[in-house]
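**Q** dropping the sequence and predicted coords here.
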Amino acid sequence: MERSAADNRTRRRRRLRPRLEKALEMTPGCAVLADVGCDHGQFSLAALESGRAKRVIASDISEASLQKAMRLFCGAGYDIEFRCCAGLSGCSEGEADCCALLGMGGELIASILESDIIKARAFRLIVMQPMRGEAELRHWLRENGFAIANEAVVRDDGRYYQLISARYAPDEVLPLPEWWPEGFFQFGVTALEKHESAMLPMMERYLSMMEKKLNKAAEKGAVPPLLQSERDGTLALIRRYKETIS
Ligand SMILES: C[S@@+](CC[C@H](N)C(=O)[O-])C[C@H]1O[C@@H](n2cnc3c(N)ncnc32)[C@H](O)[C@@H]1O
């Protein structure tokens, strides 16, 4: 039985942890949301409870994970379908208008999109929250004609998470600003220009990590150029952030 809109409004929605809450905020109202790698199913449930999604296709490569999601929904009465499959393989093109890929590595997210590129291009919006590999994901999106719609940074349990929403729109993939460090994708232009409040501490933490790695490498007598350019790029963006904040 489907829960009515009135039921949804009167029922208090459970709060998600900050990274998922932010992903929900970045999810537009959609007819069908594909929650790929749903695991526990909390995001799918919140998307339905909040009315952001009318229907959800919750999928996971792991049967055990999907079972967790099914238990969460047991008797909840929402319009949800569970599919055990890898990436987008269980969805047909255009079946869902929005897609969430949360809590996975950035390289995995990129490979899921690449494996089913026609379906990926058909989404109105893809909301992503990479656990790592942000640079690889941003680079892949840019190279494959996906324009960034929005970016956010949240601190959750002492860790910083970056969120990215994008859609296939090759004409909207803009050249990087001339002040942006060349080939640097660890952080995003949109988040920096929005002066996301968690952006500065996240960049400072990354800078200190790079400095430590560089010092260790210097002790061993070999400083990898990639580490150096990561450090220099981060430093340049910290300066830019501070200069442009009013
Ligand atoms: C760390 S959990 C994240 C769960 C939830 N999306 C979140 O952000 O809290 C990652 C989930 O992705 C699933 N997964 C990993 N590779 C996948 C793939 N290729 N296709 C679908 N699901 C995958 C895992 O089984 C796991 O349940």
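**A** Cool, the structure landed.

**Q** list the contacts of the residue of the chain positioned farthest from its centre.
**A** Each residue of the chain has a distance to the centre, and by CA atoms, centre = their mean the biggest one is for residue 221: 37.4 Å. Not one residue lies near residue 221 by CB atoms under 8 Å, 6 or more residues apart in numbering. Where C-beta positions appear, they are placed from N, C-alpha and C, glycine not excepted.

**Q** likewise for residue 18?
**A** Contacts of residue 18 by CB under 8 Å, 6+ apart are 154, 155, 156, 161.

**Q** as JSON lines, those with pLDDT would be great.
**A** Listed next are the contacts of residue 18 as JSON lines, based on pLDDT from 0 to 100:
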{"residue": "154", "pLDDT": "98"}
{"residue": "155", "pLDDT": "97"}
{"residue": "156", "pLDDT": "96"}
{"residue": "161", "pLDDT": "98"}
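
**Q** hang on, the earlier thing: next one: the residue farthest from the centre of the chain relative to residue 116, how far apart?
**A** Using CB to CB, to the nearest Å, one obtains 46 Å as the distance from residue 221 to residue 116.

**Q** so what's residue 148 up against?
**A** 138, 141, 164, 165, 166, 188, 189, 190.

**Q** inside strands: which ones of those residues?
**A** If you go by DSSP state E, the contacts of residue 148 have 164, 165, 166 in strands.

**Q** and the first one, what's its pLDDT?
**A** Meaning residue 164. We note a pLDDT of 98 for residue 164 in this prediction.

**Q** got phi/psi on residue 86?
**A** Per-residue torsions, residue 86: phi -90, psi 130 (degrees, to the nearest 10).

**Q** now for it, how many residues are close by?
**A** 15 (other CB atoms under 10 Å).

**Q** gap between the nearest residue to residue 48 once chain neighbours are set aside and the ligand?
**A** Leaving aside its chain neighbours, residue 48 sits nearest to residue 78 (4.3 Å; criterion: CB to CB, 6 or more residues apart in numbering). The spacing between residue 78 and the ligand, counted by CB to the nearest ligand atom, to the nearest Å, is 17 Å.

**Q** which ones are touching the nearest residue to residue 196 once chain neighbours are set aside?
**A** In this structure, residue 196 finds its nearest non-sequential neighbour in residue 153, 4.5 Å apart by CB to CB, 6+ apart. With contacts defined as CB under 8 Å, 6+ apart, residue 153 is in contact with 160, 161, 162, 163, 191, 196, 197, 198, 199, 202.
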